[in-house]
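Visitor: Below: sequence and its predicted model.
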Amino acid sequence: MDRRQFVSGLALLASSLCSRVALGETAQACPLCGGKVVDAQTLVDDSARRSRNLTAWSRAADCLARPDASGPICTQCWYMKLGGAWVKSSERSDDFYRPLSRAIAGFPMPHRNRIQGRVIYEQRLEPPLGQGELNESLSFWCRKPRAYVARIQAYASANALQLETEEPASEPGAIYLRVGFSATQIPHARDRLHRVGVYRGAAYLSHST
C-alpha cells in the first residue's frame, strides 16, 4: 500500500466514525434500561403514533415534528436527559419504564366527559440514580363537581400526594389540577440494577382561585 492509499484509507475511516457519531451509534447506553442514547434533535416525531415522550415532542398545536428540547434521549425506554435528570411525560400511566407510584397511577379521575384536553403524567429521576429525588406528577383540566374535589383532597392526604388546584375566573366551572409525588429513590431488589424504586415521600395541599 503506497502513502496515497494509506492517507485515503484514514480519511474514509474518519468519515465513517463521524457518521456513526452523528447517528448516535457510539453513544453510551441508557442508565435506566441499557438502550441506545442519541440526541433528540436527530429524531423526527411520528405523528401517526402517540408521542414517545411529551417532554421531547409535546404535540402542541403550534409544534412541528422537531423536538421541543434537545438532549440525550433513549431509543428504547424514551426517557430524556434534561440537566442531570432523566424525564418522561406521557398521556398513559402505564407508559413508563420505571412504573409510576401506585398513588399517582391510581389517582381517581373524573368521568371522561368531564376532562378537558389531555391528561399528562410525568416522571423525573434526579441524580444520582438510585439515590436522588424522584418526582412524579399528573395534570389536567376538568369540569368541577364539588364532590369530586373533596374526594381527591382526601385521597391526596391519605396517599402522601401534593395537590394543587386552580379555578381561573376566565374559565367558570372549570378546574386545573396538578398532582405530585416526591420521594427518595432506592434500587429495587427484584428488578435489574438499572431500575429504581421509591423510599419515602411527602405531601402538601394547596388551593387557589
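Guide: Arrived safely.

Visitor: Just the CA coordinates for whatever helix or strand residue 118 lives in, please, in PDB.
Guide: Per DSSP states H and E, residue 118 falls inside strand 115-125. Output in PDB follows, covering the C-alpha atoms of strand 115-125 (Å, rounded to 0.1, in the frame of the first residue of the first chain):
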ATOM      1  CA  ILE A 115     -62.000  16.000  31.300                       C
ATOM      2  CA  GLN A 116     -60.900  18.900  29.100                       C
ATOM      3  CA  GLY A 117     -57.900  18.400  26.900                       C
ATOM      4  CA  ARG A 118     -55.100  16.000  27.800                       C
ATOM      5  CA  VAL A 119     -54.100  14.100  30.900                       C
ATOM      6  CA  ILE A 120     -50.400  14.300  31.300                       C
ATOM      7  CA  TYR A 121     -48.200  12.100  33.600                       C
ATOM      8  CA  GLU A 122     -44.600  13.000  34.200                       C
ATOM      9  CA  GLN A 123     -41.700  11.300  36.000                       C
ATOM     10  CA  ARG A 124     -38.300  12.900  36.800                       C
ATOM     11  CA  LEU A 125     -35.400  10.800  38.100                       C
END
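
Visitor: Now do the contacts for residue 92.
Guide: Taking Cβ atoms under 8 Å, 6 or more residues apart in numbering, we find residue 92 in contact with 50, 121. Quick note: C-beta positions are derived from backbone N, CA and C, even for glycine.

Visitor: likewise residue 151?
Guide: Residue 151 touches residue 108, counting by Cβ under 8 Å, 6+ apart.

Visitor: same deal with residue 115?
Guide: If you count contacts by Cβ under 8 Å, 6+ apart, then residue 115 has 109, 140, 141, 142 around it.

Visitor: Which residue would you name as the spatial centre of this protein?
Guide: For the chain, the residue nearest the mean C-alpha position is residue 88 (1.2 Å; Cα atoms, centre = their mean).

Visitor: quick one: the closest residue to it other than its chain neighbours from residue 129, how far?
Guide: In this structure, residue 88 finds its nearest non-sequential neighbour in residue 79, 4.7 Å apart by Cβ to Cβ, 6 or more residues apart in numbering. Between residue 79 and residue 129 the computed distance is 11 Å (Cβ to Cβ, to the nearest Å).

Visitor: now residue 166, nearest residue through space, not along the chain?
Guide: Using Cβ to Cβ, 6+ apart, the nearest residue to residue 166 is residue 176, at 4.4 Å.

Visitor: Contacts for stretch 134-142, please.
Guide: 93, 100-101, 104, 107, 110, 114-126, 148, 171, 174-185, 196, 198.

Visitor: Where does pLDDT dip in this protein?
Guide: Applying pLDDT under 70 to the chain flags residues 1-27, 60-69, 186-209.
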